[in-house]
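J.: Generate a structure from the sequence data that follows.
(one chain, ligands or ions: 1)
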Amino acid sequence: MIIIENAKILYGEDMDAIKANIVIEDDKIIEITKDKIKNGKKIDASGCIAAPAFINSHVHIGDSIARDVGDGKTIAEIVKPPNGLKHRILEESNPDEIISSMRQSMGDMLASGTTTFVDFREGGLEGINLLEESSKDIPIRKIILGRDNSFFDPDVENGEIKSITKKLLRSCDGIGLSGFGEIRDEVVALISKICQKHGKISAIHTAEYEELQNDSIALTGKSEVQRAVEADLTNLIHVTAPVGDDLKLISDRGSSVVSCPRSNGTLSVGIPPLNDMLKHKINVLLGTDNIMFNSPNMLREMEYALKVTRGYYREYFSPTEIFKMATINAANAFNLNTGCIKEGNTADIIIVKEFSNNPILSLINRTNPDDIISLITEGNIIY
Ligand SMILES: [Zn+2]
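T.: As a prediction, the model looks like this:
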């Protein structure tokens with residue numbers, strides 16, 4: 001049994017700050033209480049905040065090998081498959097180097113309070129195995145969205161897509177597609193249907209920037225969002241440049257949007273309209289996207305997201321909403337029993353020194369990874 005004593009807890013789905021003790025047994029939070037508990041391993045959290053650990057809802061951990069390569073080039077030159085700079089570097093690198101760079105990124109995530117990440121995994125089954133292999137002894141939860149190069153083949157047959165997708169899904173949690181520019185709509189819809197049938201996640205980069213939306217409308221008469229909603233995908237990555245009724249369509253379908261504000265900023269493609277998404281009651285999550293140009297640090301992502309949103313709309317935006325995007329919203333989207341501190345949930349908790357009178361702002365604005373004094377995942381104390 002572990003007892004976190006005297007913490008200011010961000011409690012429940014609303015993240016209300018309460019002063020209490022957290023009792024953990026095995027991998028679960030079994031009690032939140034003001035009473036003193038005698039037995040168990042105690043963590044003194046006086047002067048600290050106990051918060052749910054972070055869920056990074058979108059990364060490409062494979063490109064950890066190419067950090068900050070290509071700065072200043074266009075987004076297509078850097079990341080567009082199959083010949084973007086990132087893909088060329090990945091092809092030229094040996095697996096040992098790729099593995100050690102991915103391990104370093106997973107270490108960075110744990111060090112900055114993230115216990116779960118959702119990876120867009122390239123390279124088919126081999127790519128999935130590479131991530132499994134490199135994360136074997138690292139106590140981090142992975143949600144792997146795989147893909148196969150055959151998806152991009154303009155002549156690929158439906159039967160082939162079906163069998164490859166089913167085979168991939170045996171080893172991963174869903175499919176993550178690069179974008180509508182590289183794949184036929186019919187193939188996207190088929191993959192989405194197979195994922196649904198197997199209770200898996202289907203995701204695609206959508207409406208990352210205006211030009212993609214314009215190209216999509218010119219080519220098909222529909223925005224990328226319309227096409228994604230018609231294909232019935234569960235998770236849309238970005239939606240930084242919605243047009244017309246796009247947000248309403250997403251809201252009606254109930255898809256989650258994974259916003260990656262720092263990635264959009266780095267690539268000069270815009271600022272995600274988070275306020276409008278929330279007004280449409282869309283479930284918004286946060287991801288740090290390509291490790292090639294962003295550290296997988298959710299503290300930084302939250303701070304940027306909050307401040308750039310306030311600047312963009314020139315009005316108040318609640319930090320609690322940003323904090324939920326990094327925790328409970330993601331847990332709900334991926335069916336995880338984490339993302340908030342309450343009885344019965346899996347114990348994924350960070351304990352952080354408190355630096356201000358507002359615990360959520362303290363975490364978002366004031367906290368560096370070094371201020372996290374302890375990280376617990378599935379009831380195990382990691383540090
Ligand atoms: Zn991405």
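
J.: which regions of the stretch 51-200 of the chain lie under the pLDDT threshold?
T.: Judged by pLDDT under 70, the stretch 51-200 of the chain has no weakly predicted residues.

J.: where along the stretch 151-300 of the chain do the strands fall?
T.: Secondary structure of the stretch 151-300 of the chain by DSSP state E, counting those that start in this stretch: the strands cover 174-177, 201-206, 235-238, 256-259, 283-286, 289-290.

J.: Can you add distance to Leu361 and mean neighbour count and give those back as CSV?
T.: C-betas here are computed from N, CA, C, even on glycine. Formatted as CSV, the strands of the stretch 151-300 of the chain follow (distance: least, CB to CB, whole Å; neighbours: other CB atoms under 10 Å):
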stretch, distance to Leu361, mean neighbour count
strand 174-177, 33, 25
strand 201-206, 31, 26
strand 235-238, 26, 28
strand 256-259, 20, 27
strand 283-286, 16, 26
strand 289-290, 24, 28
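
J.: Let's have those in TSV, adding distance to Cys48.
T.: Formatted as TSV, the strands of the stretch 151-300 of the chain follow (distance: least, CB to CB, whole Å):
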stretch	distance to Cys48
strand 174-177	36
strand 201-206	34
strand 235-238	33
strand 256-259	29
strand 283-286	23
strand 289-290	30
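
J.: how about the helices of the stretch 251-383 of the chain, start to end?
T.: 261-266, 274-279, 298-313, 319-325, 328-333, 359-361 (DSSP state H, counting those that start in this stretch).

J.: List of residues touching the first one?
T.: Translated: helix 261-266. With CB atoms under 8 Å, 6 or more residues apart in numbering as the test, helix 261-266 has contacts from 208-209, 238, 240, 270-272, 274, 286-290, 293-294, 300-301, 304-305, 308-309.

J.: CA atoms of it as PDB?
T.: Output in PDB follows, covering the C-alpha atoms of helix 261-266 (Å, rounded to 0.1, in the frame of the first residue of the first chain):
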ATOM      1  CA  PRO A 261      -0.500  23.600 -31.100                       C
ATOM      2  CA  ARG A 262       3.300  23.700 -30.800                       C
ATOM      3  CA  SER A 263       3.700  21.600 -33.900                       C
ATOM      4  CA  ASN A 264       1.400  23.900 -35.800                       C
ATOM      5  CA  GLY A 265       3.500  26.900 -34.600                       C
ATOM      6  CA  THR A 266       6.800  25.300 -35.500                       C
END
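
J.: Quick check: buried residues in stretch 14-34?
T.: For stretch 14-34, the neighbour count (16 or more other CB atoms under 10 Å) marks 15, 17, 20-24, 28-32 as buried.

J.: which residues in the stretch 1-150 of the chain form helices?
T.: 75-79, 85-92, 95-111, 124-134.

J.: Which strands or helices does the shortest one pack on?
T.: Judged by 3 or more CB pairs under 8 Å, 6 or more residues apart in numbering; DSSP states H and E, helix 75-79 is in contact with helix 85-92.

J.: And for the last one?
T.: When contacts are defined as 3+ CB pairs under 8 Å, 6+ apart, helix 124-134 packs onto helix 95-111, strand 141-146, helix 158-169.

J.: Done for today, thanks.
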